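Q: Need coordinates for the following:
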Amino acid sequence: MPRLLIVAGALLIALGLLWPWLGKLPLGRLPGDLVIQRPHFTLYLPISTMILVSAVLTLILWLLRK
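A: Predicted coordinates:
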């Protein structure tokens, strides 16, 4: 558990430092992300982004367990 917390903390620090560059990535605007706009209502469903993030996190966690 301590190793997992250290890795999670290091990843959060890295994300914080890289945030200006990560904001320029097209995450959240991928094909397959749905945006439904109506008067006084907006529904945003980042389906493709969720699948991509899930796959990347699964790969990272799988590599850390080896």
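Q: Count residues in the vicinity of residue 48, would you?
A: For residue 48, the neighbour count with other C-beta atoms under 10 Å is 16. For every residue, glycine as well, the C-beta is placed using N, CA and C.
Q: For it, give its distance to residue 31.
A: Per C-beta to C-beta, to the nearest Å, residue 48 is found 6 Å from residue 31.
Q: for residue 10, same thing?
A: In this view, residue 10 and residue 31 are 32 Å apart by C-beta to C-beta.
Q: between the two, who's got more neighbours?
A: More neighbours surround residue 10 than the other of residue 10 and residue 31, with 10 against 6 (other C-beta under 10 Å).
Q: Could you look up the SS state of residue 58?
A: helix (DSSP: H, G, I helix; E, B strand; the rest coil).
Q: Begin at 48, not 1, for the rest of this chat.
A: Renumbered: residue one is now 48, and that last one reads residue 105.
Q: okay, it: pLDDT?
A: Note on residue 105: pLDDT of 94.
Q: now do residue 58
A: pLDDT at residue 58 comes out at 89.
Q: And the strands in this protein, which stretches?
A: 81-85, 88-92 (DSSP state E).
Q: want to throw these into TSV with mean neighbour count and distance to residue 72?
A: Below are the strands of the chain laid out as TSV (neighbours: other C-beta atoms under 10 Å; distance: least, C-beta to C-beta, whole Å):
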stretch	mean neighbour count	distance to residue 72
strand 81-85	9	18
strand 88-92	9	17
